[in-house]
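Asker: just a sequence and a predicted model for now, questions to come.
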Amino acid sequence: MADRKTGDGRTVAAGPTKMTPSEAFVETLVANGVTDIFGIMGSAFMDAMDIFAPAGIRLIPVVHEQGGAHMADGYARVSGRHGVVIGQNGPGISNTVTAVAAAFWSHSPVVVVTPEAGTMGMGLGGFQEAHQLPMFQEFTKYQGHVNNPRRMAEFTGRAFDRAMSEIGPTQLNIPRDHFYGEITTEIPEPQRLDRGPGGQQSLNEAAELLAAAEFPVIISGGGVVMSDGVEECRALAERLGAPVVNSYLHNDSFPASHPQWCGPLGYQGSKAAMKLLSQADVVVALGSRLGPFGTLPQHGLDYWPTNAKIIQIDADHKMLGLVKKITVGICGDAKASAQALTQRLTDRTLTCDATKDQRLAKLRAEKEAWEAELTGWTHEKDPYSLDVISEAQQEDGNWLHPRQVLRELEHAMPADVMVSTDIGNINSVSNSYLRFERPRSMFAAMSWGNCGYALPTIIGAKVAAPDRPAISYAGDGAWGMSMGEILTCVRHDIPVTAVVFHNRQWGAEKKNQVDFYNRRFVAGELESPSFAGIARSMGAEGVVVDRLDQVGPALRQAVDAQMNQGRTTVLEIMCTRELGDPFRRDALSKPVRFLDKYKDYV
């Protein structure tokens, strides 16, 4: 029987064919366009791994399986295709759980392949035995367990289909003995949903609200990126003359050069975006779940417009009205929904047409005021930060203000850049300074907020888009969790640029100790050797930056080495210990002590 061709020119067996389960597994990967898998090799799937190469599949060995799953996440977010991670049963699989959770909250179609202990030893407490399905049940959209070798292709294909249709990670669990044997099976063709704009009634209701709106505002969310709907969002914004604000950590969901772009909401976001949103009478939340952390008060502004009518558009109906009260909910593809709304408004006279020029003037004024404030905000001004700035001036060495560093990095960013940010104080402050011109450019761990995210994620992004500059941000605490993956870059010629903010502390949590615990610092201080030196010992370039005028040139040189020489560079930027605002002031309370021996600890 003749093979059938896949979209990328490879072939898979057509029709019912005799093969081994390993062959069925690999052929189904090929049918789904898999060319790269991240992970660490192991005996549990070695029979399938043995035929990866002739199938056109590369297994990229990582340092740690968590890094491999983050790489799969970054790969998926840039490419819009599946990212795949695999590991040895037991500890290799449990190592991926944290990163799969991050992929869940970023709605990435990651497929985590989890070879399991053999069926004849299950329940006996054998080597590397674990119940692997419960580990992932909270963080996957689908879990397939191959309960019979003859169903290998079926379950494999379904895991890939569901990752795309459910927009999130799926698990494929395979007992290791099920890779062996002789079966007759058919390789399923991938099934992809053609998502529509939503129900006609809800679209009509939304159009009526927008036609009557006096000050509409659009929140452009991650769904705009995932649906490749930026142009459709732009068309809707231009028809309305509406400010467009990015949802939290989706700064790439609208081009920063567009005159109606206002910047991101959420922690350390744009005051201009928040002030304009607060004036809205109708809000279009386009492709956003309106997550609670991304709409919290910030900069002393409780900006959510409680009296506004909210139109929420999301591909997952379960998100509609979950966090914020809404007026109209549209279950649809962000791109198609925006296009449908624009069509409904194109030939109508809108209430907001009469005030378009005035509203755009207000938008420009708010943006200019915020940019001027950012430019003048060279350092933090709270008492603790002023104290540590003074201390830094008395120490040996040069210590840079984080905000000045972030501004210099912003100005030196290359065109078409991809940036991943880790969790932490300086990384979060960077939300004010990261601007992009195209989607699939900014990556963060979203609501999961795990350390060690940025470097491996940008490595996966670079594999998916080797022609784009790839830069990660991490503080020295988070960097310690992931810096081993520099070896992956060096070993496998995946060049990236890593910016490490060396401020010698766990900054985000230390800020809580400043605000709530009278500067009693417990386990927050980090004294480390030179991260640039460690990078050089791993075979990468390492550069220490301790002068402000070096920041931009150092980034440009590192990106040039990445793009033109295939070199990975770690930029170690020596920063003061000053700290930006805490993540949220409602998360802790002032301490109360009743026992005498703790009475001073208030």
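Answerer: Structure's in. What do you need?

Asker: N398 in helix, strand or coil?
Answerer: coil (DSSP: H, G, I helix; E, B strand; the rest coil).

Asker: apart from its chain neighbours, what residue comes closest to it?
Answerer: Distance criterion CB to CB, 6 or more residues apart in numbering; nearest residue to N398, sequence neighbours excluded, is D546 at 4.0 Å. C-beta: built from backbone N, CA, C; applies to glycine.

Asker: and Y473, by the same measure?
Answerer: Closest to Y473 by CB to CB, 6+ apart is T421, at 4.6 Å.

Asker: just checking, the one you found touches F443?
Answerer: Yes: in this structure T421 lies within contact range of F443 using CB atoms under 8 Å: 7.5 Å.

Asker: what is in contact with these two at once?
Answerer: A454 (CB atoms under 8 Å, 6 or more residues apart in numbering).

Asker: and S247, what does it touch?
Answerer: 219-222, 253, 264-266, 285, 288, 290-291, 294.

Asker: the residue nearest to Y473 and G87, how far apart?
Answerer: 26 Å (CB to CB, to the nearest Å).

Asker: from A392, how far off is the residue nearest to N398?
Answerer: Taking CB to CB, one finds D546 at 11 Å from A392.

Asker: who's more crowded, those two?
Answerer: More crowded of D546 and A392, by other CB atoms under 10 Å: A392, with 19 against 15.

Asker: all strands for the stretch 151-300 of the chain, in order.
Answerer: Ranges of strands in the stretch 151-300 of the chain, per DSSP state E, counting those that start in this stretch, are 170-175, 183-185, 216-220, 244-246, 261-264, 282-286.

Asker: for D353, which of these is the nearest?
Answerer: strand 216-220 (11.3 Å; CB to CB).

Asker: got the angle between that closest one and strand 282-286?
Answerer: 20 degrees (axes from the mean of the first three to the mean of the last three CA atoms, to 10 degrees).

Asker: if we can go back for a sec, which residues does the residue nearest to N398 contact?
Answerer: G397, N398, W399, L400, I573, M574.

Asker: 10 Å instead, please
Answerer: G397, N398, W399, L400, H502, E572, I573, M574, C575 (CB atoms under 10 Å, 6 or more residues apart in numbering).

Asker: still on that earlier bit, got the contacts of S247 as CSV, with pLDDT columns?
Answerer: Below are the contacts of S247 laid out as CSV (pLDDT from 0 to 100):
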residue, pLDDT
I219, 98
S220, 98
G221, 98
G222, 97
S253, 98
P264, 98
L265, 97
G266, 92
A285, 98
S288, 98
L290, 96
G291, 93
G294, 90
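
Asker: name the nearest of these relative to M19.
Answerer: Nearest to M19 among the contacts of S247 is G222, at 39.1 Å by CB to CB.

Asker: now do the contacts for the closest one.
Answerer: 77, 106-107, 167, 246-250, 252-253, 287-289, 291, 314, 334, 439, 442, 446.

Asker: need the per-residue pLDDT for the residue nearest to N398.
Answerer: Each residue has a pLDDT score; the one for D546 is 97.

Asker: which of the residues in stretch 151-168 are buried?
Answerer: 151-168 (16 or more other CB atoms under 10 Å).

Asker: again, but for stretch 38-51
Answerer: F38, G39, I40, G42, A44, F45, D47, A48, M49.

Asker: how about stretch 400-419?
Answerer: Buried residues in stretch 400-419, counting neighbours by 16+ other CB under 10 Å, are found at 400-403, 405-410, 412-414, 417-419.

Asker: can you give me the strands in the stretch 451-600 of the chain?
Answerer: Under DSSP E, counting those that start in this stretch, the stretch 451-600 of the chain gives strands at 470-475, 497-502, 541-545, 569-574.

Asker: could you dump these to JSON lines with distance to V146 and mean neighbour count?
Answerer: What follows is the strands of the stretch 451-600 of the chain, written out as JSON lines (distance: least, CB to CB, whole Å; neighbours: other CB atoms under 10 Å):
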{"stretch": "strand 470-475", "distance to V146": "35", "mean neighbour count": "29"}
{"stretch": "strand 497-502", "distance to V146": "38", "mean neighbour count": "28"}
{"stretch": "strand 541-545", "distance to V146": "44", "mean neighbour count": "21"}
{"stretch": "strand 569-574", "distance to V146": "41", "mean neighbour count": "26"}
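
Asker: closest to A53 out of these?
Answerer: A53 lies closest to strand 470-475 among the strands of the stretch 451-600 of the chain, at 25.7 Å (CB to CB).

Asker: relative to strand 569-574, how tilted is that closest one?
Answerer: Going by the same axes, to 10 degrees, strand 470-475 makes 30 degrees with strand 569-574.

Asker: which residues of this structure score low on pLDDT?
Answerer: 1 (pLDDT under 70).

Asker: redo the strands of the stretch 151-300 of the chain as a markdown table? Include mean neighbour count and distance to L363.
Answerer: Converted to a markdown table, these look like this (neighbours: other CB atoms under 10 Å; distance: least, CB to CB, whole Å):
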| stretch | mean neighbour count | distance to L363 |
| --- | --- | --- |
| strand 170-175 | 26 | 42 |
| strand 183-185 | 17 | 58 |
| strand 216-220 | 30 | 10 |
| strand 244-246 | 31 | 10 |
| strand 261-264 | 28 | 7 |
| strand 282-286 | 29 | 15 |
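
Asker: can you say which of those strands is nearest to P553?
Answerer: strand 261-264 (26.6 Å).

Asker: given the closest one, what are its sheet partners and their directions?
Answerer: strand 244-246 (parallel) (DSSP bridges).

Asker: quick one on the thing from earlier: keep only those of the buried residues of stretch 151-168 that are in helices.
Answerer: 152-165 (DSSP state H).

Asker: was I right to think N503 contacts E578?
Answerer: Yes: the pair formed by N503 and E578 meets the contact definition of CB atoms under 10 Å, at 8.2 Å.

Asker: joint contacts of those two?
Answerer: V388, A392, W399, P402, N425, I426.

Asker: which single one of those residues is nearest to K324?
Answerer: Scanning the shared contacts of N503 and E578 for proximity to K324, where the rule is CB to CB, the winner is N425, at 27.4 Å.

Asker: neighbours of D316, how many?
Answerer: 15.

Asker: quick revisit: format the ones in helices among the buried residues of stretch 151-168 as CSV; extra columns: distance to R491.
Answerer: CSV is the format used below for these (distance: CB to CB, whole Å):
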residue, distance to R491
M152, 31
A153, 33
E154, 36
F155, 32
T156, 28
G157, 32
R158, 34
A159, 29
F160, 28
D161, 33
R162, 33
A163, 28
M164, 31
S165, 35
